[in-house]
Every structure is written in C-alpha cells, then in structure tokens.
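Peer 1: Based on what follows, work out the 3D shape:
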Amino acid sequence: MRVLSNPCRTRGHSENGANYSMLFIRISLYAFGLRNASQTFQQFLDDTLRDSNCFAYLDDILIVSIDHASHYRDLEQDFQRLNEKGLVLNIEKCIFGADKLPFLGCEVSKDGISPSKEKVESLVNYPQPQDVSALRRFLAMLNFYRRFIPNAAEIQRILYDLVEGKKKREKTTIDWSEAAFQAFSFLVSRSPVHRYQHTSPAHPFQQINLVHPSQRMNLVHPVQ
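Peer 2: So this is what the prediction gives:
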C-alpha cells in the first residue's frame with residue numbers, strides 16, 4: 001500500500017524538517033522513521049475500514065468473506081473507502097479469492113491459523129546450536145510460534161536452562177541433549193492450528209477459558 005495523502009499537523013511541518021545544503025526542508029506528509037507514524041497510520045486505517053470485514057495491520061489488509069459473491073461486494077466497498085482516503089494498492093502484491101494466504105508470518109484459512117511453512121522449515125532445518133549465542137538466536141526465532149506448541153514453556157525451559165546466567169553474545173560451547181532438540185523441532189514441525197472458536201453473548205469468555213476437543217480427528221487444539 002502507498003499513502004498519497006496522510007498530512008502532518010501544521011506544527012509538525014517544521015519539527016520534522018531537515019537541513020539540506022543551504023535549505024531547510026519541511027515535510028507536509030508523514031515520512032518513514034517518525035516516532036509515532038506507525039500508530040497514527042494504524043488509527044487512520046482503522047477509521048477508514050471501520051465496520052467492514054477487514055483485519056488490517058499497517059499496510060497488510062485481510063478481507064474475510066463467506067463466499068465469492070460477498071467477496072466481490074466487500075472488495076468494491078473497501079476499494080471505494082481506500083480511494084476516498086487517497087490510499088493506493090500495489091496489485092502485484094495483492095491476492096484475491098484465495099482459500100488460504102499468508103498474513104503476518106502465519107497462514108490463515110477457513111480452518112484456522114497455522115505457522116507459515118517457510119518459517120517452520122527454517123526452524124526445522126536450523127543447525128543444532130553449538131554455543132550460547134546460536135542457541136539464543138534459535139530461541140528468539142521460536143518465540144513467535146510458541147503459541148502454536150502445546151506445553152511450549154515446559155519444553156523451552158530445557159533450552160533456557162542452558163543459557164541461564166550466560167552473557168547475551170557469549171560464545172561458550174554448550175552441552176545439551178540431542179533428544180531435547182529433536183523433540184522441540186518435532187513439535188514445531190507438526191504445525192498445529194489455532195481453530196476459530198464460536199462465542200455468544202451468553203458465554204463471552206469461552207474462547208479464552210475452554211479447549212474444544214470436538215474438532216477434526218478428535219484432536220485438542222490449544223486456544224490462544
């Protein structure tokens with residue numbers, strides 16, 4: 001997405017300026033790198049797409065429809081709203097009418113949310129860390145997907161014990177169980193899915209409190 005008109009307040013023109021040669025340049029539109037630009041743009045986008053079937057995070061917009069006919073109507077409505085606010089989409093980066101698609105590092109479909117295959121492969125194929133620094137990098141990569149792994153905290157504790165008390169970039173060789181690493185990689189590669197839960201006014205907190213076993217193949221899925 002490209003923003004054509006998202007103006008700064010008048011007072012911000014000089015505060016966000018820059019010296020160039022013998023000139024002082026003042027900007028009238030939000031530029032990359034401003035401290036509150038992301039928050040301001042997110043609020044701007046939320047106001048633009050309010051009361052629509054959209055989930056937006058900065059320049060990533062997900063439109064959810066129940067069928068193709070509804071999808072066409074939703075697209076037309078959202079395109080009109082974006083156009084009124086001076087927002088332009090890069091069609092080459094857009095995906096239309098898909099049953100599943102990548103969104104914010106995950107794969108979203110009618111069945112739920114699962115880790116992206118590319119990210120899972122990068123974790124599974126990650127070489128076994130030989131020092132503290134490498135193990136910390138692996139744990140950092142894994143943290144984003146811990147919500148998909150049942151009992152992730154207990155499994156990660158085995159690995160965190162190996163870096164406890166060590167400096168952040170320490171290159172000390174570590175000695176840890178191959179079985180622990182293989183078990184952890186196995187849990188990640190299973191790619192569990194967050195199933196969508198149905199809530200009602202009578203039970204507003206069931207999505208948080210309950211784990212529903214009545215899913216496909218009678219598997220219990222963790223609830224975020």
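
Peer 1: neighbours around residue 36, how many?
Peer 2: As a burial measure, residue 36 scores 10 neighbours (other C-beta atoms under 10 Å). In this view, the C-beta of every residue, glycine as well, is placed from N, C-alpha and C.

Peer 1: Same check on residue 160?
Peer 2: Around residue 160 there are 13 residues (other C-beta under 10 Å).

Peer 1: Please determine how far it is located from residue 173.
Peer 2: Relative to residue 173, residue 160 is positioned 17 Å away (C-beta to C-beta, to the nearest Å).

Peer 1: Student question: in this structure, what's the helix or strand with minimum average pLDDT?
Peer 2: helix 206-209 (a mean of 37; mean pLDDT, DSSP states H and E).

Peer 1: quick one, phi/psi of residue 101?
Peer 2: Main-chain dihedrals, residue 101, degrees, to the nearest 10: phi -160, psi 160.

Peer 1: which non-adjacent residue is nearest it?
Peer 2: If the residues on either side of it in the chain are set aside, residue 101 comes closest to residue 95, at 5.0 Å by C-beta to C-beta, 6 or more residues apart in numbering.

Peer 1: pretty sure the one you found is touching residue 103, no?
Peer 2: No: between residue 95 and residue 103 there is no contact under C-beta atoms under 8 Å: 9.7 Å.

Peer 1: quick one, which of these two is more surrounded?
Peer 2: Neighbour tally, residue 95 and residue 103, criterion other C-beta under 10 Å: the higher count belongs to residue 103, 16 against 10.

Peer 1: so residue 117 makes contact with residue 107?
Peer 2: Yes: in this structure, residue 117 is within contact of residue 107 by C-beta under 8 Å, at 7.2 Å.

Peer 1: Next, give phi and psi for residue 115.
Peer 2: phi -60, psi 150.

Peer 1: what number of residues lie near the residue lying closest to it once chain neighbours are set aside?
Peer 2: The shortest distance from residue 115 to any non-neighbouring residue, by C-beta to C-beta, 6+ apart, is to residue 145 (4.9 Å). Burial of residue 145, expressed as a neighbour count using other C-beta under 10 Å, amounts to 21.
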